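K.L.:
Could you work out the structure for the sequence below:
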Amino acid sequence: MKILLLEDDRSIAVVITAALEAEGFEVVHCETIAERDRLLAESTFAAFVTDVMLPDGDGIGTIGAVQAACPGLPIIILSAQNTLDTAVRATDTGAFEYFPKPFDIDELARAVTQAVGDRNAAGQGGEDPEAGGLPLVGRSPAMQAVFRMITRVLRNDLTVLVTGESGTGKEVVAEAIHQLGDRRSGPFVAINTAAIPAELIESELFGHEKGAFTGAVARHIGKFEQARGGTLFLDEIGDMPMEAQTRLLRALQSGTIRRVGGTEDVAIDARIVAATNRDLKPMIAAGQFREDLFYRLNVVPIEMPPLRDRAEDIEALTKHFFQLAAAEGLPRRQLSAEAIDVLRHHSWPGNVRELKNFVYRVALLAREETVDAPSVSVLLKEAPVQADQNPADAPADLERAVLNWLASEAPPRGTIYASALAALERPLFAQVLSETGGNQLRAAEALGINRNTLRKRLNDLALDPEEFAPRR
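P.N.:
Got it, this is the predicted structure:
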């Protein structure tokens, strides 16, 4: 069987040809799109392997001509442009497989063999997604593996479990799956299951009917229904209470949910993406996480690498975050080559989130446009802002705290003011209650609001004044 290989790098072509010939294939090699079209018109091929950047055009952009001339021909794409956009473009052509360079030659040979044996399964492409603007940056092998897994779930609704340390970008992966997939016209609904009190999590997920419990004065639509037609992102799934795990498992098994206090089943119409920074297998062994739920969620696993394992991506990430900072009104900065090298040797326990916060801090505090290695080293050694630090004692740090909050939370434009107030309100009320010993009258006077307003806000924020009363 003949394989057509379009590759303008002769050294790579020699290696690929040798590997495929060892598998029993006859390889016909060409270096231009024009040669490709001539050969396709003259001969029949079992599969087509192509590079992207070619002397006379774009290998991906012209695949439509190949598919028109040879319907059903399995296509395997190779590219040195190792970006998520390239991976998505490759997938959207209906390509059988996509390999970022450098690739494992044995994997390529296996893919060609599989494509030839299963060519009826190839060619199932989709619409062109809007692939721009997602902050998934990196050309490291670890990130290329992530990109390839993302592209494999864009045209289906399989449940995805994203794992990785805090700050590695698990929610960004979930957003990419949503925005690049077939459900991008629907809502993206995220819920942090670790941030919701155990007694409220079922109501938040599944909703409740009026009168279902004390305080349920009206019907509440839960996250599953809010995500109808879109994607539901369940963050920190490893911290979900056991009872809620059971309800979630039942919902995933049946494909329906029932509101708390309700009698009707509501069909689930959402892609489920879950994430956790915990190792679930020891938790399963300890009886802290349901094994059957794990297998329901772990249909497609995507593991986000820690930043220390992808140091080669730090330069690109840094440039990306400086661009974001400038777009938000911070001074334009860049790092010297020596400064980038300093960052590559840092451990980054907070991963990409920590790097982003650091870049924003550099953009705010550095005095020179091109920041050198000594300046970067000084900023790296500075202690991070402490959550319990009193802003009145260190007003300069309040600005940093706001900056760090903006960097880590990234509230959507148009919601920054409301989001910032919401984030500040609970710790502010807690601090005033602490200072007044839980006395609501004195707290209301200190805040400059009436007592009824204070009582309502405390109820909304789940703050109990009794917890701040002096202990006798």
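
K.L.:
what's near enough to touch residue 112?
P.N.:
Under the criterion of C-beta atoms under 8 Å, 6 or more residues apart in numbering, the contact list for residue 112 reads 3, 20, 23, 25, 47, 49, 76. Heads up, the C-betas are built off the backbone N, CA and C, glycines and all.

K.L.:
Need the three-state assignment for the last one.
P.N.:
Of the three states, residue 76 takes strand according to DSSP: H, G, I helix; E, B strand; the rest coil.

K.L.:
burial count for it?
P.N.:
Using other C-beta atoms under 10 Å, the number of residues around residue 76 comes to 22.

K.L.:
next one: the second one
P.N.:
For residue 20, the count of nearby residues is 22 (other C-beta under 10 Å).

K.L.:
what's the closest non-adjacent residue to residue 34?
P.N.:
Of all residues not flanking residue 34 in the chain, residue 56 sits nearest, at 6.0 Å (C-beta to C-beta, 6 or more residues apart in numbering).

K.L.:
quick one: that neighbour and residue 33 touch, right?
P.N.:
Yes - with contact taken as C-beta atoms under 8 Å, residue 56 and residue 33 are classed as touching, separated by 5.1 Å.

K.L.:
Which one of those two is surrounded by more residues?
P.N.:
When residue 56 and residue 33 are compared on other C-beta under 10 Å, the one with more neighbours turns out to be residue 33, at 20 against 12.

K.L.:
Next, the contact list for the more buried one, please.
P.N.:
Under the criterion of C-beta under 8 Å, 6+ apart, the neighbours of residue 33 are 6, 54, 56-57, 59, 62.

K.L.:
closest to residue 159 among those?
P.N.:
The shortest separation between residue 159 and any of the contacts of residue 33 is 33.2 Å, and it belongs to residue 59 (by C-beta to C-beta).

K.L.:
quick one: the closest one from residue 282, how far?
P.N.:
If you measure residue 59 against residue 282 using C-beta to C-beta, to the nearest Å, the figure is 46 Å.

K.L.:
between the two, which one's more packed in?
P.N.:
When neighbours are counted by other C-beta under 10 Å, residue 59 and residue 282 differ, and residue 59 comes out ahead with 23 against 10.

K.L.:
correct me, but that one touches residue 76?
P.N.:
No - in this structure, residue 59 is not within contact of residue 76 by C-beta under 8 Å, at 11.1 Å.

K.L.:
what is the mean pLDDT for the longest helix seen in the chain?
P.N.:
The helix of greatest length in the chain, counted in residues with DSSP state H as the criterion, is given as helix 416-435. In this model, helix 416-435 carries a mean pLDDT of 81.

K.L.:
Now do the buried residues in that helix.
P.N.:
Of the residues in helix 416-435, those scored as buried under the neighbour-count criterion (16 or more other C-beta atoms under 10 Å) are 419, 429, 432-433.

K.L.:
which one of these sits closest to residue 448?
P.N.:
For the buried residues of helix 416-435, the closest approach to residue 448 (C-beta to C-beta) belongs to residue 432, at 10.6 Å.

K.L.:
gap between the nearest residue to the closest one once chain neighbours are set aside and residue 425?
P.N.:
Among residues not flanking residue 432 along the chain, residue 443 sits closest, at 4.9 Å (C-beta to C-beta, 6+ apart). Using C-beta to C-beta, one gets 13 Å for the distance from residue 443 to residue 425.

K.L.:
Residue 152 too?
P.N.:
Separation of residue 152 from residue 425 (C-beta to C-beta) stands at 42 Å.

K.L.:
ditto for residue 18
P.N.:
For residue 18, the distance to residue 425 (C-beta to C-beta) stands at 66 Å.

K.L.:
Check residue 182 too.
P.N.:
Distance of residue 182 to residue 425, given as C-beta to C-beta: 38 Å.

K.L.:
again with residue 342
P.N.:
Remark: distance between residue 342 and residue 425 (C-beta to C-beta) = 38 Å.

K.L.:
re the thing from before, report all helices and strands that the helix or strand following the longest helix of the chain contacts.
P.N.:
Helices and strands here follow DSSP states H and E; after helix 416-435, the next one along the chain is helix 440-447. With contacts defined as 3 or more C-beta pairs under 8 Å, 6 or more residues apart in numbering; DSSP states H and E, helix 440-447 has these neighbours: helix 416-435, helix 451-460.

K.L.:
wait, which of those helices is closest to residue 403?
P.N.:
The closest approach between residue 403 and any of those, judged by C-beta to C-beta, belongs to helix 416-435 at 11.7 Å.

K.L.:
ok, residues contacting that closest one?
P.N.:
402, 405-406, 409, 411, 443, 446-447, 454, 457-458, 461, 463, 465, 468.

K.L.:
quick check, nearest of these to residue 307?
P.N.:
Where the contacts of helix 416-435 are concerned, and distances follow C-beta to C-beta, residue 307 has its nearest neighbour in residue 409, at 19.3 Å.

K.L.:
Check the gap between the closest one and residue 353 for me.
P.N.:
With C-beta to C-beta as the criterion, residue 409 and residue 353 are 10 Å apart.

K.L.:
Which one of these two is surrounded by more residues?
P.N.:
Taking neighbours as other C-beta under 10 Å, residue 409 and residue 353 compare with residue 353 leading, 19 against 11.

K.L.:
Please, which helix or strand holds the more buried one?
P.N.:
Using DSSP H and E, the element containing residue 353 is helix 351-365.

K.L.:
Quick one: distance of the helix or strand following that helix to the chain centre.
P.N.:
Tracing the chain past helix 351-365, the next element assigned as helix or strand by DSSP H and E is strand 370-371. For strand 370-371, the separation from the chain centroid amounts to 30 Å (computed by C-alpha atoms, centre = their mean, to the nearest Å).

K.L.:
How about stretch 455-466?
P.N.:
Computed by C-alpha atoms, centre = their mean, the separation of stretch 455-466 from the middle of its chain amounts to 34 Å.

K.L.:
who touches it?
P.N.:
The list of residues contacting stretch 455-466 from outside it, by C-beta under 8 Å, 6+ apart, reads 197, 425-426, 429-430, 433, 438-440, 443, 449.

K.L.:
7 Å instead, please
P.N.:
197, 425-426, 429-430, 433, 438, 440 (C-beta atoms under 7 Å, 6 or more residues apart in numbering).

K.L.:
Also stretch 164-178?
P.N.:
Counting contacts by C-beta under 7 Å, 6+ apart, the residues outside stretch 164-178 that touch it are 84, 134-136, 146, 150, 153-154, 160, 162, 184, 188, 190, 230-231, 233, 235, 273, 275, 277, 302-306, 350-354.

K.L.:
Could you list the low-pLDDT ranges of this protein?
P.N.:
For the chain, applying pLDDT under 70 flags the ranges 118-135, 383-400, 404, 407-408, 411, 413-414, 470-472.
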